[in-house]
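Asks: Would you be able to build a 3D model of this:
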Amino acid sequence: MLEEVFRVLEDRRVHPKEVSYVSSLMAKGLRGILEKISEEAGELVEAAEFKGENEVVHEAADLIFHVMVLLAYKQIPLEEVFRELKGRRKLR
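Replies: As a prediction, the model looks like this:
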């Protein structure tokens, strides 16, 4: 599932569309993407502290999505993150 979403994000980077949230976010550049990640992280923290499970799941999905936008923007393959996570598992 994540790989499928990431392919769409990469496509939006290479072939921006006028009516695309991702294209408009990428057009704002690194600073715009980082601001959105910061906003989403804050919303996840707030949901975890004060709201129910559904809201936490929703905000976690938003944060993961926007981190993936950052990776696509920086042209960092999602597999690199998976590789990093696998490496951390071996260290324990």
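Asks: Run through the strands of this protein in chain order.
Replies: Under the criterion DSSP state E, the chain contains no strands.
Asks: Tell me where it is predicted with low confidence.
Replies: Segments of the chain classed as low confidence (criterion: pLDDT under 70) are 91-92.
Asks: If we use 80, what do you get?
Replies: Applying pLDDT under 80 to the chain picks out residues 90-92.
Asks: Any figure for the gap between residue 36 and residue 19?
Replies: Computed as Cβ to Cβ, to the nearest Å, the residue 36 to residue 19 distance reads 18 Å. Placement of C-beta: from N, CA and C, glycine included.
Asks: Between these two, point out the one with more neighbours.
Replies: residue 36 (19 against 6; other Cβ atoms under 10 Å).
Asks: give me every residue that touches the closest residue to the more buried one other than its chain neighbours.
Replies: Nearest-residue entry for residue 36: residue 66, 5.2 Å, with adjacent residues in sequence omitted and distances by Cβ to Cβ, 6 or more residues apart in numbering. For residue 66, the contact set (Cβ atoms under 8 Å, 6 or more residues apart in numbering) comprises 33, 36-37, 40.
Asks: so what's residue 83 up against?
Replies: No contacts exist for residue 83 under Cβ under 8 Å, 6+ apart.
Asks: From residue 70, how far out is it?
Replies: 17 Å.
Asks: separation between residue 51 and residue 44?
Replies: Taking Cβ to Cβ as the measure, residue 51 and residue 44 are separated by 10 Å.
Asks: Find residues that contact each of these two.
Replies: Listed as contacting both residue 51 and residue 44 by Cβ under 8 Å, 6+ apart is no residue at all.
Asks: So between the two, which is more surrounded?
Replies: Taking neighbours as other Cβ under 10 Å, residue 51 and residue 44 compare with residue 44 leading, 20 against 13.
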